[in-house]
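Participant: Okay, structure incoming, though there's no sequence with it:
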Ligand code: S3P
């Protein structure tokens, strides 16, 4: 099994803690899981996998279309199956969907798959919602069906926060940080530099 590359932080190099085989990023929509995940994977020398993309590739269909045609419960079943499949990969930085930890099956998979270290990217709901709105202007094809009602989205946020927190070994407050700065903080916490 390939070990993680040495990671440069300032003038020193570090390696990940022994036994860590994948880093999983969790948090609400707009938390930066995908953009931070890409930077982290590059720094560690691992593959990056986005669970939403993985699910869409397996389904041969977009998330928006899965929601519209089959409904959310069907989407959630496909998400669990994509997660189980993704967790079989070592040496991977995996970005979850914002709702992945809401399902008990998914939490058990994350807790019980050896070598899995979860990082929670946290920010206030208002910041996350604004980021999502900006993203939807910039990429109108990237549709997030669960954002259709802001009131419902906030209620999902409140329900999910305790799950994100409980799953995570590391929590980073991301509101004022760029993706590169968040990735740097994750590495510092992982390697014990801070
Ligand atoms: C969802 C978040 C999305 C995607 C789907 C549902 C959610 O992922 O899985 O639209 O329920 O929060 P991102 O958090 O990557 O946007």
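Facilitator: Great, that's in hand. Just so it is clear, the model here is predicted, and its values are computed rather than measured.
Participant: Pass me the low-pLDDT residue ranges in this structure, would you?
Facilitator: The model of the chain has pLDDT under 70 over residues 1-5, 193-194.
Participant: mind listing the strands for it?
Facilitator: Taking DSSP state E as the criterion, the chain contains strands spanning 7-9, 12-14, 22-26, 47-50, 92-95, 116-122, 170-173.
Participant: For those strands, could you give me TSV that also reports mean neighbour count and distance to residue 60?
Facilitator: The way it works is simple: take the backbone N, C-alpha and C, and place the C-beta from them, glycine included. Listed next are the strands of the chain as TSV, based on neighbours: other C-beta atoms under 10 Å; distance: least, C-beta to C-beta, whole Å:
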stretch	mean neighbour count	distance to residue 60
strand 7-9	15	37
strand 12-14	13	41
strand 22-26	27	25
strand 47-50	18	16
strand 92-95	26	21
strand 116-122	23	27
strand 170-173	17	34
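Participant: now those in JSON lines, with distance to the ligand?
Facilitator: Shown next, in JSON lines, are these (distance: least, C-beta to the nearest ligand atom, whole Å):
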{"stretch": "strand 7-9", "distance to the ligand": "25"}
{"stretch": "strand 12-14", "distance to the ligand": "28"}
{"stretch": "strand 22-26", "distance to the ligand": "9"}
{"stretch": "strand 47-50", "distance to the ligand": "7"}
{"stretch": "strand 92-95", "distance to the ligand": "7"}
{"stretch": "strand 116-122", "distance to the ligand": "10"}
{"stretch": "strand 170-173", "distance to the ligand": "16"}
